[in-house]
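> mind folding the following:
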Amino acid sequence: MRQKSASQTVVRNRQSRFLGQKTGYLFVLPWIIGFAVFTAYPIFTSFMLGFQQATITGDGVAREFIGIENFREAISTDISFIRDVGGFSIVSVVAIPMIVILALVMAILLNFPLKARGIFRTIFFLPVIIASGPVMDKLIDMGVTTIPTLQEYTFYWVLVGFDNIFATAALLVLDSIIMFLWLSGVQLLVFLAGLQKLDKQTVEAARVDGASPWEIFWKITLPSLSSLILVNIVYTTVMFAQTTFNPVIAHISGNMFNVTTGFGYASALAWLYFVVITLIMLVLVGVFALFSKKSLT
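Got it, this is the predicted structure:
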């Protein structure tokens, strides 16, 4: 009887686990279907279009397999694409750490017990809600995202006179410094959540031992936020790669509906741009990992 009851218990446990797994898969199934239809399939189609000559005709989209010709043309002959990618890569290496640092500084300031702290947090996060694509385009056209006094200095017009990647990157950073502040809203909230979970007893113990606020920041606060800094670097890289003032996005969109290039060439450009963004992310993450390792030692 005991063996029979034990075997029945094992069977019931297996059935309950199977039902639990089945129920879990049913809840996840809508996301799986949505990902397969709206994400995985377009990504696969875009990758295949990169090896084809796909142009719009009266009967639809005409496709012809041409191998790696689109990628070869983008790397060897498309000077505009190479210049835009090079300039934007340099800007990204400068702007992404700048956005993360600005978010960290503002989060530390807003974490102090100040009056109307919630109002200031709302003000800093409002651009994330308001500044959508069309709104951001209008603000850029109106010159709201720039600092007018910068154009009064000589070094600004010296940069305008140079036609190279570094001058273009420097001008884009100077002209978009306010926008970088607007793009730090989500990162600010992430850092605030990490600061509020910081162990206050450890901070108090460090103060009792005579640690200065600067030492507390470098030895306690910053190491405790290392994982959040990594998350914000990845998030900022992806977000910054899709901003409306990105010249690479405009170049890809222009080739998409071009009669001579079409969807195939635009897809090849998009995949090359994806490789560049991935490399930028790996470089930034690697530099941060090296910096955090040295700071801990």
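> residue contacts, the closest residue in space to T260 that isn't next to it in sequence?
Nearest non-adjacent residue to T260, counting by Cβ to Cβ, 6 or more residues apart in numbering: T55, 7.8 Å away. C-betas here are computed from N, CA, C, even on glycine. Residues in contact with T55, defined by Cβ atoms under 8 Å, 6 or more residues apart in numbering, are 61-62, 259-264.
> what's the closest of the residues you listed to G185?
Taking Cβ to Cβ as the measure, G185 lies nearest F263 of these, at 34.4 Å.
> what number of residues lie near the closest one?
For F263, the neighbour count with other Cβ atoms under 10 Å is 22.
> over to I233?
Using other Cβ under 10 Å, I233 has 20 neighbouring residues.
> look up how far F217 lies from it.
19 Å (Cβ to Cβ, to the nearest Å).
> S176 too?
S176 is 28 Å from F217, by Cβ to Cβ.
> which of the two has more neighbours?
A count of neighbours by other Cβ under 10 Å puts S176 above the other of S176 and F217, at 19 against 14.
> isn't the more buried one right up against A95?
Yes: with contact defined as Cβ atoms under 8 Å, S176 reaches A95; the gap is 7.4 Å.
> relative to F191, how far out is P127?
16 Å.
> which of these two has more residues huddled nearby?
Set side by side, P127 and F191 show more neighbours around F191, with 25 against 18, by other Cβ under 10 Å.
> state whether that one is indeed within a helix.
Yes: under DSSP: H, G, I helix; E, B strand; the rest coil, F191 sits within a helix.
> what's near enough to touch it?
103-104, 107-108, 225, 228, 232.
> most neighbours among those residues, please name it.
Busiest of the contacts of F191 [other Cβ under 10 Å] is A103, holding 27 neighbours.
> my guess is that one contacts W182. True?
No: A103 lies out of contact with W182 (Cβ under 8 Å); the separation is 11.1 Å.
> what ranges does this structure have for its strands?
55-57, 60-62 (DSSP state E).
> who touches stretch 281-290?
Contacts for stretch 281-290 (Cβ under 8 Å, 6+ apart): 93, 96-97, 229-230, 233-234, 237-238.
> F44: which of those is nearest?
The nearest one, if we look at these relative to F44 and count by Cβ to Cβ, is V238, at 20.1 Å.
> so who does that closest one touch?
Here V238 is in contact with 277, 281 (Cβ under 8 Å, 6+ apart).
> return the set of buried residues in stretch 48-66.
Using 16 or more other Cβ atoms under 10 Å as the test for burial, stretch 48-66 gives 49-55, 63, 66.
> could you check how far the most centrally placed residue in the chain is from I277?
Nearest to the centroid of the C-alpha atoms of the chain, with distances taken as Cα atoms, centre = their mean, sits V238, at 2.2 Å. Using Cβ to Cβ, V238 is found at 8 Å from I277.
> V287 now?
Applying Cβ to Cβ to V287 and I277 gives a distance of 16 Å.
> got it, and I68?
20 Å.
> pick out whichever of these two has more residues nearby.
I277 (20 against 11).
> for the more buried one, which non-adjacent residue is closest in space?
A241 (4.7 Å).
> pLDDT value on V100, please?
Per-residue pLDDT puts V100 at 90.
> correction: the previous question concerned K197.
On the pLDDT scale, K197 gets 84.
> just the helices in the stretch 1-150 of the chain please.
2-35, 41-49, 69-76, 79-110, 117-130, 133-142 (DSSP state H, counting those that start in this stretch).
> let me know the average pLDDT across the last one.
It stands for helix 133-142. Averaged over helix 133-142, pLDDT sits at 68.
> now swap in the third one and tell me
Model confidence over helix 69-76, given as mean pLDDT, is 87.
> and it, which residues are buried?
Under 16+ other Cβ under 10 Å, the buried positions of helix 69-76 are 70-71, 73-74.
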